[in-house]
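Undergrad: pasting the sequence and the predicted coordinates here, then a few questions.
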Amino acid sequence: MTVVALDDTDSRERGMCTTYVAVRIADRLPDVERLLLVRLNPAVPYKTRGNAALAIHADCDPERAVSIAREELEELAEITDDRTNPGLVVAGHDPGDVPDDVREFAGTAVRDHLEIDDATTLIERHSYRTWYAGDGRGRIGALAAIGAWRAFEDWTYECLSYREPDRWGSPRDVDGESVFAAADWGYPVVWDTVDRGENDPVCVPHTPGPILHGIRGDDPDAVREVARRIESEPIERRQLFCTNQGTDGHLRNGSLGDVEDGRAYRVDGVVASEPETRRGGHVFFSLAADLEGGDDATDDSDRLECAAFEPTKRFRDRVRALQVGDRITACGEVSRGTCKLEKVAVRERVRTERVTPSCPDCGRTMESAGRNQGYRCRDCGTSAAGKDEVALERDLEEGWYEVPPCARRHIAKPLVRGGFDAPTHPER
């Protein structure tokens, strides 16, 4: 068995897609067993939108694989873009026989940052065959794709349909009604095909690349069937990928005060400030480690700013419904000291609030009688020692909430997949 892996062939402006290059290579290789689509750390600054690396598992001669892959890369990779630096790595062994250090490299590539030298050191150590253009940064993702089969256990599927080349860059012709009907047929095994709240067929991209639509889910036959049910312009080719999409593989368990920019975390805390809607419709609040820890609880080092940005749409209403004192788990990438929320678990809600007491005789709100003097009604002369505690009506239940499909990152796990530690409120 041979593993052929590649990364960084596309361009933000000119299009192309590394998955398409991988399919073209796979078409020329004998006895292909599977294609992997591996999503890497979505926070790295030099990525294109999806930050995907590809691996092909095939029973073929490694030297022949290098030759074929290089021919396709030299023809298709957008190397005229200075930011496109493709890399190819070929390993002449079974994907399950990947060395431990390559397996660990793959895990790091999804949750952390790596340099080109990190990849070249391992490539040389294990005598992997390689090719690259530009600075060869794509070798990082390619080596991660080599190790992915051993590194990850949770796999999903995506069926990608490709346009005829002469249509690339033109508006896509996809029948919207058929997309929503196919999505209804496949749900919940097939997910994130559409966003019903925004009436958006999110499976259809807007980039100038070759993909017509991509269907994701937990069952390979179901994603293929949903793809077949969509009415559209002619399909040039269609390919099923095994992928780590929809797995939350990028999230690491963290604690407030220890998070770093450029990584994604799952952190527990207490809502420490009222959610505030700022210019642009973005919603911000502070998360604290402990509200009952005295003066230390207000120290900025014990707080993390969290944000639900405007593209997360109705998810912002869930965030606005949080109250100071709610205990939550926040998930998302940290950038410039702010956690960009992908999902939130409400663990324990504040159920009461303290309010100024009302006069039992006249019903009017009492006034302060002075510092530490309680409250009194100036008309009736009645008094109260302190504020009353009353039940707080909440329109937010405990459990997990997520951004809608239109705002979902490729690697983020949809709640409909299950396996969460509290009730879920999936978005469709």
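TA: Received it, and whenever you're ready, just let me know what you need.
Undergrad: and the helices in the protein?
TA: According to DSSP state H, the chain carries its helices in the segments 18-28, 62-76, 100-111, 116-125, 138-151, 176-186, 220-229, 315-320.
Undergrad: who are the packing partners of the second one?
TA: Under the contact definition 3 or more Cβ pairs under 8 Å, 6 or more residues apart in numbering; DSSP states H and E, helix 62-76 sits against strand 2-7, helix 18-28, strand 87-91, strand 129-132. Any C-beta I mention is one placed from the backbone N, CA and C, and that applies to glycine too.
Undergrad: where does the protein dip in pLDDT?
TA: Confidence mapping of the chain against pLDDT under 70 gives the ranges 11-16, 47-50, 79-82, 291-301.
Undergrad: repeat that for 50
TA: 293-298 (pLDDT under 50).
Undergrad: how is it divided into domains?
TA: When the chain is parsed with automatic domain parsing, its domains come out as 2-151, 156-243, 251-351+411-425, 352-391.
Undergrad: could you dump these into TSV with distance to Pro404 and mean neighbour count added?
TA: As requested, the domains of the chain are exported to TSV (distance: least, Cβ to Cβ, whole Å; neighbours: other Cβ atoms under 10 Å):
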stretch	distance to Pro404	mean neighbour count
domain 2-151	17	20
domain 156-243	5	19
domain 251-351+411-425	6	18
domain 352-391	30	13
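Undergrad: dump those into JSON lines; add distance to Gly399 as well.
TA: Below are the domains of the chain laid out as JSON lines (distance: least, Cβ to Cβ, whole Å):
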{"stretch": "domain 2-151", "distance to Gly399": "25"}
{"stretch": "domain 156-243", "distance to Gly399": "17"}
{"stretch": "domain 251-351+411-425", "distance to Gly399": "4"}
{"stretch": "domain 352-391", "distance to Gly399": "20"}
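Undergrad: Trp400: which of these is closest?
TA: Among the domains of the chain, domain 251-351+411-425 comes nearest to Trp400, with 4.6 Å by Cβ to Cβ.
Undergrad: still on that earlier bit, and of the domains of the chain, who's closest to Glu397?
TA: That would be domain 251-351+411-425 among the domains of the chain, by Cβ to Cβ, at 7.1 Å.
Undergrad: CSV for the helices of the chain, including distance to Val202?
TA: Formatted as CSV, these follow (distance: least, Cβ to Cβ, whole Å):
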stretch, distance to Val202
helix 18-28, 17
helix 62-76, 26
helix 100-111, 23
helix 116-125, 33
helix 138-151, 24
helix 176-186, 9
helix 220-229, 13
helix 315-320, 15
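Undergrad: so which of the helices and strands packed on helix 62-76 comes closest to Val110?
TA: Val110 sits nearest to strand 2-7 of all those, at 13.0 Å, using Cβ to Cβ.
Undergrad: how far is the closest one from where the chain is centred?
TA: Offset of strand 2-7 from its chain centre (Cα atoms, centre = their mean, to the nearest Å): 24 Å.
Undergrad: list the contacts of that strand.
TA: With contacts defined as Cβ atoms under 8 Å, 6 or more residues apart in numbering, strand 2-7 is touched by 18, 21-22, 25, 29, 52-62, 65, 69, 73, 86-93, 95, 98, 138-146, 149.
Undergrad: tell me the contacts of Arg39?
TA: 50-52, 110, 243-245, 249-250, 410-411.
Undergrad: would you mind measuring from it to Thr121?
TA: 24 Å (Cβ to Cβ, to the nearest Å).
Undergrad: for Thr18, same thing?
TA: Applying Cβ to Cβ, the value for Thr18 to Thr121 is 23 Å.
Undergrad: can you check Leu40 too?
TA: With Cβ to Cβ as the criterion, Leu40 and Thr121 are 18 Å apart.
Undergrad: repeat that for Met366.
TA: 72 Å.
Undergrad: thinking again about what came up before, nearest to Glu398, out of the domains of the chain?
TA: Ranking these by proximity to Glu398 (Cβ to Cβ) places domain 251-351+411-425 first, at 4.9 Å.
Undergrad: so for Arg237, which of the helices of the chain sits nearest?
TA: Among those, the nearest to Arg237 by Cβ to Cβ is helix 18-28 (6.5 Å).
Undergrad: show me what the closest one is packed up against.
TA: strand 2-7, strand 32-39, strand 52-58, helix 62-76, strand 156-163, strand 235-243.
Undergrad: what's the offset of the third one from the middle of its chain?
TA: Spelled out, it's strand 52-58. 20 Å.
Undergrad: cool, the fourth one as well?
TA: Relative to the mean C-alpha coordinate of its chain, helix 62-76 is positioned 31 Å out (Cα atoms, centre = their mean).
Undergrad: output it as CSV, nothing but the C-alphas.
TA: Only the C-alpha atoms of helix 62-76 are listed here, as CSV (Å, rounded to 0.1, in the frame of the first residue of the first chain):
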residue,chain,number,x,y,z
PRO,A,62,5.6,4.7,-4.8
GLU,A,63,7.8,6.0,-7.6
ARG,A,64,5.0,5.7,-10.2
ALA,A,65,2.7,7.5,-7.7
VAL,A,66,5.2,10.4,-7.4
SER,A,67,5.5,10.7,-11.1
ILE,A,68,1.7,10.8,-11.7
ALA,A,69,1.0,13.2,-8.8
ARG,A,70,3.8,15.6,-9.9
GLU,A,71,2.4,15.7,-13.4
GLU,A,72,-1.1,16.6,-12.1
LEU,A,73,0.2,19.1,-9.6
GLU,A,74,2.4,20.9,-12.2
GLU,A,75,-0.7,21.2,-14.5
LEU,A,76,-3.4,22.1,-12.0
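Undergrad: and Cys359, what is it in contact with?
TA: Residues counted as contacts of Cys359 (Cβ under 8 Å, 6+ apart) are 365-366, 377, 379-380, 382.
Undergrad: could you dump the residues you listed to TSV with distance to Arg163?
TA: Shown next, in TSV, are the contacts of Cys359 (distance: Cβ to Cβ, whole Å):
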residue	distance to Arg163
Thr365	66
Met366	70
Cys377	75
Asp379	77
Cys380	78
Thr382	77
